[in-house]
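Curious how this folds, go ahead:
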Amino acid sequence: MGSEGTPTLTVHVTGFKKFHGVSENPTETIVNNLKVFIEKKGLPKGLILSSCTILEAAGEGALDQLYKILSSAVSWRDNKQYNSARVIWLHFGVNSGSMGFALEKQAVNEATFRWPDELGWKPHKFPIIPSDGSISRMRETSLPVDDMAEALSEMGYEVIPSDDAGRFVCNYVYYHSLRFAEQNGIRSLFVHFPLFSTIDEETQMQFVASLLELLASLNC
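Residues are numbered from 1 along each chain as shown. Next comes the predicted model:
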């Protein structure tokens with residue numbers, strides 16, 4: 001089996017477990033149910049949903065897990081049978097105070113946790129990657145976030161582009177992922193989700209399906 005006829009886009013998805021103030025993380029439910037939901041709905045043409053992983057809501061203590069799954073995407077792409085595939089990492093996290101979805105444009109090289117993560121770490125103005133320099137250093141996604149947010153809004157979803165992923169675990173994971181993506185020729189995007197009490201589970205699942213369809217249609 002050669003590269004002919006293989007999907008042109010491979011997507012890997014992560015969500016988070018519970019953390020302080022959020023005993024039931026909607027992204028854990030979404031990611032756990034995503035493969036079954038998408039298989040029933042039908043995958044967008046030219047896309048394969050390769051992995052769905054739940055991360056511990058933690059920073060430094062969860063890095064081994066994070067890099068293991070990030071590296072799996074590169075290993076898959078570099079397989080000579082699939083070397084024409086594009087790869088995107090989608091990271092999902094919750095913003096319990098949000099009324100809609102947010103596509104995050106960037107992450108900042110700063111970890112300042114207002115409370116300890118799920119493994120007990122509470123950094124303050126800590127550089128996520130010290131070799132990157134200042135805590136003001138930013139890394140941006142190479143995906144067209146503004147255009148994507150506009151397209152999803154036109155589909156009827158409450159979605160905005162965002163310049164601020166916070167300074168907690170979401171930003172921590174996204175910064176590492178963006179750096180890894182740049183180094184390995186892949187792409188990364190973080191999406192913040194509201195609680196199910198704000199937007200129901202079915203609508204959120206439909207949103208993810210629409211996001212995947214949009215990604216499959218992008219010529220980038």
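
Can you report phi and psi for residue 51?
Main-chain dihedrals, residue 51, degrees, to the nearest 10: phi -150, psi 150.

in the sheet, who's paired with it?
Beta-bridge partners for residue 51, by DSSP bridges, are residue 12.

what sits against it?
Taking CB atoms under 8 Å, 6 or more residues apart in numbering, we find residue 51 in contact with 12-13, 69, 72-73. All C-beta atoms are positioned from the backbone trio N, CA, C, and that covers glycine.

measure it to residue 13 for me?
Distance, residue 51 to residue 13, by CB to CB, to the nearest Å: 7 Å.

Around residue 146, count how many other residues there are.
12 (other CB atoms under 10 Å).

I'd assumed residue 160 was in contact with it.
No - with contact defined as CB atoms under 8 Å, residue 146 does not count as touching residue 160 (9.8 Å).

buried sites along the host helix or strand of residue 213?
For residue 213, the host element (DSSP states H and E) is helix 201-217. Using 16 or more other CB atoms under 10 Å as the test for burial, helix 201-217 gives 204-213, 215-216.

need the contact list for residue 148.
By CB under 8 Å, 6+ apart, the neighbours of residue 148 are 103, 161, 211, 214, 218.

tell me what the helix or strand bottoming out on mean pLDDT in the chain is packed against?
One helix or strand of the chain scores below all others by mean pLDDT, DSSP states H and E: helix 63-78, with a mean of 84. Contact partners of helix 63-78 among helices and strands, from 3 or more CB pairs under 8 Å, 6 or more residues apart in numbering; DSSP states H and E: strand 9-16, strand 47-55, strand 86-94, helix 169-184.
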